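Q: one predicted model, sequence on top.
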Amino acid sequence: MSLPQVTMRNWILLLTCGALMLPAASANWRIDETPRGAQLSRVPYVILAADHFNMADGELWGITLAPHHFDPNYPEWGYYGGFAWGGSSNVTTEAPGRAKTSRYMGRFGLSYRMLADLSLYGGVARLTDELKSTDGTSQYCTECEPVWRTEKDHRWGAEAGVRYALPGNIAIGIGYNWATDSMILTLGLH
């Protein structure tokens, strides 16, 4: 398995987001050392975020729901789930046939709080490319419809990144998804 090609634009985005997070993160360098089972020192929260995947052959937009730190026995851990879609488009075929494609992806993973508001996350993703097509012919009857065939191509991959909960209930994140071979940019509310 070869590593994906990282473009200069991806490096610039990564470094810019990292530089934006450093001043806010430096104020939170003290890691809370609350013993397991004790009261949470921080109120649990849920991030509802919009995600953007800028793939080489199109874009995906998605939503993510990420609960953080609800269990007092494991206050550093959280999880997330998300769904992304790229819309659908028509494919030119020989008349009277028709075809259309669509792309969507499901994601699930775990997150771990490194600092007060900075979490690392990682998980799995399943990208699906779907092709629906018909040759346009139907049975000899007055109300018959052409038969549509569906072909699906599934691609599994991992993803990893960082998410930061800013003051003012804003959350930002950046990561990389190997199923789409693209960076993930996240903006949401917590």
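A: Structure's in. What do you need?
Q: ranges for the helices of the protein?
A: 8-26 (DSSP state H).
Q: where do the strands sit along it?
A: 45-55, 58-68, 77-91, 98-113, 118-134, 149-166, 170-177, 182-189 (DSSP state E).
Q: helices and strands around the fifth one, which ones?
A: When contacts are defined as 3 or more CB pairs under 8 Å, 6 or more residues apart in numbering; DSSP states H and E, strand 118-134 packs onto strand 77-91, strand 98-113, strand 149-166, strand 170-177. (Each C-beta comes from the backbone N, C-alpha and C, glycine too.)
Q: show the average pLDDT along the third one.
A: Yep, that's strand 149-166 we're talking about. The pLDDT scores in strand 149-166 average 93.
Q: distance from that strand to the middle of the chain?
A: Strand 149-166 sits 5 Å away from the centroid of its parent chain (CA atoms, centre = their mean, to the nearest Å).
Q: what do you get for the second one?
A: Between the centre of strand 98-113 and the centre of its chain there are 7 Å (CA atoms, centre = their mean).
Q: partner strands of it and their direction?
A: Partners of strand 98-113 in the sheet, by DSSP bridges, are strand 77-91 (antiparallel), strand 118-134 (antiparallel).
Q: average model confidence for it?
A: Averaged across strand 98-113, pLDDT comes to 91.
Q: okay, that strand in CSV with CA atoms only?
A: Extracted in CSV, the C-alpha atoms of strand 98-113 (Å, rounded to 0.1, in the frame of the first residue of the first chain):
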residue,chain,number,x,y,z
ARG,A,98,-29.8,6.5,-19.0
ALA,A,99,-27.3,6.4,-16.1
LYS,A,100,-26.4,8.4,-13.0
THR,A,101,-23.7,8.3,-10.4
SER,A,102,-23.7,9.2,-6.7
ARG,A,103,-21.0,9.1,-4.0
TYR,A,104,-21.5,8.9,-0.2
MET,A,105,-19.4,7.9,2.8
GLY,A,106,-20.0,6.7,6.4
ARG,A,107,-17.5,7.3,9.2
PHE,A,108,-17.1,6.1,12.8
GLY,A,109,-14.2,6.4,15.3
LEU,A,110,-12.8,7.3,18.7
SER,A,111,-11.4,10.5,20.0
TYR,A,112,-9.0,11.1,22.9
ARG,A,113,-8.6,14.4,24.8
